[in-house]
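>>> Sequence plus predicted model, see below.
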Amino acid sequence: MDQVPGLGVIGGGIWARHHMNAVRDLEREGLARLVAMAARTDQTVSKVSEEFGIDGTTNWRELLERDDIDAISIVTPDHLHREMTIEALRAGKQVIVEKPMDLTTEGCEEMVRVAREEEALLFVDFHKRYDKVYQKSRQLIQSGALGSIQYGYTYMEDKIVVPRDWFSSWADKTDPFWFIGVHQVDMLRWVLGSEVRRVTAHGFKGKLSSLGIDTYDSVHAQLEFVNGAVIPVSISWILPENFEAVVNQGTRFVGTEGILEMDTQDRGFKGCTGNSSTQTYNINSAHVSVAADGEEVHSGYFVEPIKDFMRLAGHIRRGRSALEFEGQYPGGPDGLEATRVALAVHEALEQKREITIERKF
């Protein structure tokens, strides 16, 4: 067991369970240990710690003091990531943090700097990179099979239950572009192999503000990449609660030699029962099956990044350096770039003009 990394999870919501389920799978294979969790309220701590059979606390710093915890998952509201990440890194832990890494470039830069000083993993959960559709797209595009990518589009839309019901206590501290748009930004950077050079943007408010949540309903940005590709990005979180799926999403790329079209929500699998309306089922994102030994196994791009992170933490536990793996996973520099683009999009929204992103290439 000394060679098996232990995980502590800060957060007790819907997404924290994906982290815990992923590590519980690895635990059954002798590759990781799910040790403890922390959440804001006694009620959440009691419920989640009992469900997973682990220690729980309302003081997240207690996890950083434990010798049996090698790695920390940070699954908290966006504006809380920075402090928790930096303290975890300083405590000698490997860290996986949900996106966006931070809402400022200064925060992201500090997180990257501390990770390098501590020679630790700073893994950002950009799970679109684990979707086989985007993995294949990247292979085709970077092989040159589509020629030079000229244009396309991508969209990602949540049902209104996400800001109104799931995250009502902090939805006004973020917006759909920060919450899910950064996923599409990272996916585009990764698939195209290029950085964003210029952005324009438009946004709409009204629906959520009428419910007392002061934030954008939708944000629509046009991203121009260094390689010349121009990709509009539409992000919203006000689809009707009776819509057939929590998320609706898709992407298209057109190059000089080819085209790719991806409906990454309705993948040809939908159904209707007597207890529900028609539903689409994206089992590529999260799927639970039962192995021959009777144990549940979790698969899909919601859990694969966490498993990947814990495998890396295991290598480090057994004596390898985190520096060996730089560039092989979505890391701090990728989180910084996504934040840089998101900030430019919001600057374009506020100033109603095109924004050029300044950086050295």
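Yep, that arrived.
>>> Show me the shaky parts of the stretch 251-361 of the chain.
Confidence mapping of the stretch 251-361 of the chain against pLDDT under 70 gives the ranges 360-361.
>>> The same query, at a cut-off of 50, please.
361 (pLDDT under 50).
>>> Could you pull up phi and psi at the nearest residue to Ala115 once chain neighbours are set aside?
Excluding its sequence neighbours, the residue lying closest to Ala115 (Cβ to Cβ, 6 or more residues apart in numbering) is Leu122, at 3.7 Å. Backbone N, C-alpha and C define where each C-beta goes, glycine included. With angles defined as degrees, to the nearest 10, Leu122 sits at phi -130, psi 90.
>>> just Met84 next, same as before
The phi and psi torsions at Met84 (degrees, to the nearest 10) take the values phi -60, psi -40.
>>> quick one: the closest residue to it other than its chain neighbours and Ala16, what's the gap?
Leaving out its chain neighbours, the residue that sits closest to Met84 by Cβ to Cβ, 6+ apart is Ile74, at 5.0 Å. Using Cβ to Cβ, to the nearest Å, Ile74 is found at 10 Å from Ala16.
>>> where does Asn282 land in three-state SS?
Secondary structure for Asn282, judged by DSSP: H, G, I helix; E, B strand; the rest coil, is coil.
>>> typo on my end, it should be Leu312
Here Leu312 is helix, with the state taken from three-state DSSP.
>>> Tell me which residues touch it, please.
By Cβ atoms under 8 Å, 6 or more residues apart in numbering, the residues touching Leu312 are 94, 121, 123, 322, 325, 329.
>>> what do you get for Ile160?
Contacts for Ile160 (Cβ under 8 Å, 6+ apart) come out as 207-208, 237-241.
>>> for the stretch 51-200 of the chain, what spans make up the helices?
61-64, 81-90, 105-118, 132-142, 161, 176, 182-192 (DSSP state H, counting those that start in this stretch).
>>> could the ones you listed be laid out in JSON lines, adding mean neighbour count?
Converted to JSON lines, these look like this (neighbours: other Cβ atoms under 10 Å):
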{"stretch": "helix 61-64", "mean neighbour count": "18"}
{"stretch": "helix 81-90", "mean neighbour count": "22"}
{"stretch": "helix 105-118", "mean neighbour count": "18"}
{"stretch": "helix 132-142", "mean neighbour count": "16"}
{"stretch": "helix 161", "mean neighbour count": "16"}
{"stretch": "helix 176", "mean neighbour count": "25"}
{"stretch": "helix 182-192", "mean neighbour count": "24"}
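>>> quick one: Gly30 and Arg113, what's the gap?
Going from Gly30 to Arg113 by Cβ to Cβ gives 35 Å.
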